[in-house]
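Peer 1: Sequence plus the predicted model coming up.
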Amino acid sequence: MEKITVKEITRIGIMAAAVYAASAFLQISIPTAIDNTRLHMGNVMCLLSGMLLGPLQGGLAAGIGSLFFDLTNPAYIASAPFTFCFKFVMAWICGKIASGSSAHLKRRYVIGGIAGAFAYVALYLSKSFVEHRFVIGLPMEAVMLAVTQKAVVSSVNAVLACMVAVPLGLALRPVVGKLI
């Protein structure tokens, strides 16, 4: 098993901090009939983590940064373990597809970003469905309303995340190894 270096830990920490900051400070809360839905830039940083650090380190950065955001917000604290896993998967998928040589890099970043972002949306909506239907016990009509509202905002969030993360990742890739 390969040991992780101080440099790699530092990169993970920096990107985790960027994920946390973008989730906490670059957001718009949208009140809905069921609850608040957030449009935020944290997913940009999650995808960027996967693009720049690769699947494992990017996944850790995305998961840790998102976990800390949830743990510092009473409204989301119960979801923290799910958030860690879902954001890890998002960045892992993105990083797995985006990693490699510079051949077809833009295409891999676009496909990786889309795959990672929409994997997260699918996980998040599945959790929301189960939570609203079986934990809260809402009738199916209310569940579908809540999930539909979340699907719209989450899809917009996913598209925005890809539109920002891909060019940012392409611009930062050549220098990211030299920064730390």
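Peer 2: Yep, that arrived.
Peer 1: Please count neighbours and contacts with C-alpha atoms only from this point.
Peer 2: Will do.
Peer 1: and the biggest helix by length in the chain, what does it pack onto?
Peer 2: In the chain, with assignment by DSSP state H, the single longest helix is helix 140-179. Secondary-structure packing of helix 140-179 (3 or more CA pairs under 8 Å, 6 or more residues apart in numbering; DSSP states H and E): strand 36-40, helix 42-53, helix 105-130.
Peer 1: Give me the buried stretch members for that helix, please.
Peer 2: Neighbour counts over helix 140-179 (16 or more other CA atoms under 10 Å) mark 143-144, 146-147, 149-151, 153-155, 157-162, 164-166, 168-170, 173 as buried.
Peer 1: residue contacts, the most far-flung residue of the chain relative to its centre?
Peer 2: What lies farthest from the middle of the chain is Pro139; by CA atoms, centre = their mean that is 29.4 Å. Each residue near Pro139 by CA atoms under 8 Å, 6 or more residues apart in numbering is listed here: Arg133.
Peer 1: Would you mind measuring from it to Ala117?
Peer 2: 29 Å (CA to CA, to the nearest Å).
Peer 1: repeat for Leu26
Peer 2: 18 Å.
Peer 1: Mind checking which of those two has more residues around it?
Peer 2: Taking neighbours as other CA atoms under 10 Å, Leu26 and Ala117 compare with Ala117 leading, 29 against 12.
Peer 1: Contact partners for the more buried one?
Peer 2: Asn43, Leu47, Met90, Cys94, Ala158, Val159, Ala161, Cys162.
Peer 1: If we use 6 Å, what do you get?
Peer 2: Shown in contact with Ala117 (CA atoms under 6 Å, 6 or more residues apart in numbering): Met90, Ala158.
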